[in-house]
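A.B. asks: sequence? don't have it. structure:
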Ligand SMILES: O=C[C@H](O)COP(=O)(O)O
């Protein structure tokens, strides 16, 4: 299990082949930051091309089906992601939970299927603003973790958790450092309950309006092991400013 800071770009439903130039630029510059693990989850259509166009960065999917194959029109399975060159998959993103009705149980099944296929998994959790205003942020996130974390002997393998308060996604509003710190500590406690000692090694990413300007402060928070980045991952320049903020030392020349 790597303990490098993990900076993951989620391109969501953005990007055609013309955007591979951004991925190439990110890949080239990532060589200057050996102390950071960098990855991008493009749309399914770009996974294979991005894998072939890059050497340093991880490439991942944004979702997968529970089954390995079958009559599931429009879906993509975990072994198919592997076959296309993906290393990992993002599961349970709030947009999938809200717009596709994904339940904790389904996300857990997907996570276990992805791990069985050899993929790393990023399980996303996070409360809405209504849930936070009602004082329920902690209980909502805890319940999401209880329901959606992969179990079984190797559940902690290549697993990360992304805390993304829904109200911070794409809004320019960022959770306060105190709130991020408090929630990440709660998540760490839960991971230790579920996985024992292995729960200490799982990286907990923050996501929600992370930019180059706020990344240094966010990434310095105890228990923040990286960032899941949406909008700012779509250009090499803005994404690399976040990667640079995660680098423990000055970049190597190049
Ligand atoms: O997966 C990424 C998150 O939804 C964050 O998106 P954002 O950086 O555009 O707020």
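C.D. replies: Sure thing, it's come through. Keep in mind the model is a prediction, meaning the values are calculated, not measured.
A.B. asks: so where does residue 154 fall, helix or strand?
C.D. replies: Per DSSP states H and E: residue 154 is located in neither a helix nor a strand.
A.B. asks: and the residue of this structure nearest the ligand?
C.D. replies: Proximity of the chain to the ligand (Cβ to the nearest ligand atom) peaks at residue 230, 2.3 Å away. For every residue, glycine as well, the C-beta is placed using N, CA and C.
A.B. asks: please, where are all the strands along the protein?
C.D. replies: Ranges of strands in the chain, per DSSP state E, are 6-10, 37-41, 58-61, 88-91, 120-125, 159-163, 203-207, 226-229.
A.B. asks: what bridges to the residue nearest to the residue of the chain closest to the ligand when sequence neighbours are not counted?
C.D. replies: Distances taken as Cβ to Cβ, 6 or more residues apart in numbering put residue 10 closest to residue 230, at 5.3 Å, once the chain neighbours are dropped. Legend: beta-bridge partners of residue 10 under DSSP bridges are residue 41.
A.B. asks: I figured residue 10 hits residue 228, correct?
C.D. replies: Yes: if you go by Cβ atoms under 8 Å, residue 10 and residue 228 touch, sitting 5.9 Å apart.
A.B. asks: what sits in contact with each of these two?
C.D. replies: Taking Cβ atoms under 8 Å, 6 or more residues apart in numbering as the contact rule, residue 10 and residue 228 both touch 90, 207.
A.B. asks: so where is this protein shaky, pLDDT-wise?
C.D. replies: Within the chain, the segments meeting pLDDT under 70 span 1, 250-254.
A.B. asks: what's the longest helix in it?
C.D. replies: If you go by DSSP state H, the chain has its longest helix at helix 177-195.
A.B. asks: just checking, what packs against that helix?
C.D. replies: Helix 177-195 sits against helix 137-148, strand 159-163, strand 203-207, helix 215-219, with contacts defined as 3 or more Cβ pairs under 8 Å, 6 or more residues apart in numbering; DSSP states H and E.
A.B. asks: find the nearest non-adjacent residue to residue 158, please.
C.D. replies: Counting by Cβ to Cβ, 6+ apart, residue 120 is the residue found nearest to residue 158 once chain neighbours are left out, at 3.7 Å.
A.B. asks: I'd guessed that neighbour sits against residue 160; true?
C.D. replies: Yes: assessed by Cβ under 8 Å, residue 120 is found in contact with residue 160 at 7.2 Å.
A.B. asks: who has more neighbours, those two?
C.D. replies: residue 160 (23 against 20; other Cβ atoms under 10 Å).
A.B. asks: and the residue nearest to residue 158, what does it touch?
C.D. replies: Applying Cβ under 8 Å, 6+ apart to residue 120 gives the contacts 58, 60, 87, 88, 89, 158, 159, 160.
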